[in-house]
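> here is my input, please return the structure:
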Amino acid sequence: MQTSPSTIPNLIAAGFHALSDPLRINVLELLRQQELCVCDLCDALSVSQSKLSFHLKTLKEAGLVNSRQEGRWIYYSLNIPQFSVLEQYLADYLQQGLVSPVRSCCD
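Residues are numbered from 1 along each chain as shown. Alright, predicted model coming up:
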């Protein structure tokens, strides 16, 4: 996925939004171990395919997962470079240290 500087804030926001749901976190935890097809994810999470499809779409739009089709099955895996983007975004805050206190504009 090609990213321009103007799309990076949208990818970061989409990434954190995707990480804000417990079911999506569970999907990512399963994909951490191996690539899985939708049917395996449904079984492991005890959810319907329609419910899971919504969450997989959100993860895919955020760039956190990749998909590939093999026959009639779609397999999902983690897109590690996008996790690195989110990690770097947070790391930049740590590198800046403490934020300076606000100075009064009325002094």
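> quick one: low-confidence parts of this protein?
1-6, 97-102, 105-107 (pLDDT under 70).
> tell me where it has strands.
For the chain, strands defined by DSSP state E occupy the ranges 36-37, 65-70, 73-78.
> how about JSON lines for those, with mean neighbour count and distance to residue 27 added?
Any C-beta I mention is one placed from the backbone N, CA and C, and that applies to glycine too. JSON lines is the format used below for the strands of the chain (neighbours: other Cβ atoms under 10 Å; distance: least, Cβ to Cβ, whole Å):
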{"stretch": "strand 36-37", "mean neighbour count": "18", "distance to residue 27": "9"}
{"stretch": "strand 65-70", "mean neighbour count": "14", "distance to residue 27": "8"}
{"stretch": "strand 73-78", "mean neighbour count": "16", "distance to residue 27": "8"}
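> export the ones you listed to TSV and append columns for distance to residue 54.
Putting the strands of the chain into TSV (distance: least, Cβ to Cβ, whole Å) gives the following:
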stretch	distance to residue 54
strand 36-37	17
strand 65-70	13
strand 73-78	14
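> out of those, the one nearest residue 95 is which?
strand 73-78 (25.3 Å; Cβ to Cβ).
> sheet-wise, list the partners of the closest one with their directions.
Strand 73-78 pairs in its sheet with strand 36-37 (antiparallel), strand 65-70 (antiparallel), by DSSP bridges.
> residue 86 is nearest to which of these?
Here strand 65-70 is closest among these (Cβ to Cβ), at 13.4 Å.
> just the CA atoms from the closest one would do, formatted as PDB, please.
Taking Å, rounded to 0.1, in the frame of the first residue of the first chain, the C-alpha atoms of strand 65-70 are listed here in PDB:
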ATOM      1  CA  VAL A  65      -4.600  -7.100   8.000                       C
ATOM      2  CA  ASN A  66      -4.000  -8.400   4.500                       C
ATOM      3  CA  SER A  67      -6.300 -10.800   2.700                       C
ATOM      4  CA  ARG A  68      -5.700 -13.200  -0.100                       C
ATOM      5  CA  GLN A  69      -8.100 -15.500  -1.900                       C
ATOM      6  CA  GLU A  70      -7.400 -19.200  -2.500                       C
END
